[in-house]
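J.: just a sequence and a predicted model for now, questions to come.
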Amino acid sequence: MRYAVLLESQAEKDLLPIPKRDLKRIDARLQSLSQVPRPKGATKLRGKTSEGWRVRVGDYRILYQVDDKDKTIRVYRIKHRREAYR
């Protein structure tokens, strides 16, 4: 069953400065998340406020939450690895 991948407005803004070659890789990963929301290599985030997952795409990180009941993936950040966890 496919999941709907929803980008929050902040994640859309995060995409603007990313180089085109990296955008293609990020887009491919977002499409693959709709098939497998927790792929091999995805990491569950820990902390008081984080209930999400992180997946690597080169030097970038996609931070997202999975709702199995509604079959949705909510992407809330797409950042370079040095900025992703601040």
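T.: Here it is on my side, so go on. Note that the structure is predicted; figures quoted are calculated from it, not measured. Numbering: from 1, shown residues only.
J.: going by C-alpha atoms from here, please, whenever you check contacts or count neighbours.
T.: Noted.
J.: mind listing what Lys71 touches?
T.: Taking CA atoms under 8 Å, 6 or more residues apart in numbering as the criterion, Lys71 is in contact with Arg2, Tyr3, Ala4.
J.: could you pull out the strands in this structure for me?
T.: Per DSSP state E, the chain carries strands over the ranges 4-7, 43-44, 53-57, 60-67, 72-80.
J.: turn these into a markdown table, including mean neighbour count, mean pLDDT and distance to Gln35.
T.: Output for those, formatted as a markdown table (neighbours: other CA atoms under 10 Å; pLDDT from 0 to 100; distance: least, CA to CA, whole Å):
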| stretch | mean neighbour count | mean pLDDT | distance to Gln35 |
| --- | --- | --- | --- |
| strand 4-7 | 18 | 96 | 9 |
| strand 43-44 | 14 | 92 | 17 |
| strand 53-57 | 19 | 95 | 14 |
| strand 60-67 | 21 | 95 | 12 |
| strand 72-80 | 20 | 95 | 11 |
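J.: tell me which of those strands lies nearest to Leu16.
T.: When the strands of the chain are compared by CA to CA, strand 72-80 sits nearest Leu16, at 10.3 Å.
J.: now do the closest one: everything it contacts.
T.: Contacts for strand 72-80 (CA under 8 Å, 6+ apart): 3-11, 14-15, 33-34, 37, 59-67, 84.
J.: for the chain, what's the longest helix?
T.: For the chain, the helix with the greatest residue count under DSSP state H is helix 20-35.
J.: got the buried residues for it?
T.: Buried residues in helix 20-35, defined by neighbour count with 16 or more other CA atoms under 10 Å: Leu23, Ile26, Arg29, Leu30, Gln31, Ser32, Leu33, Ser34.
J.: so which of the contacts of Lys71 comes closest to Ala42?
T.: Distance to Ala42, by CA to CA, is smallest for Tyr3 among the contacts of Lys71, at 16.1 Å.
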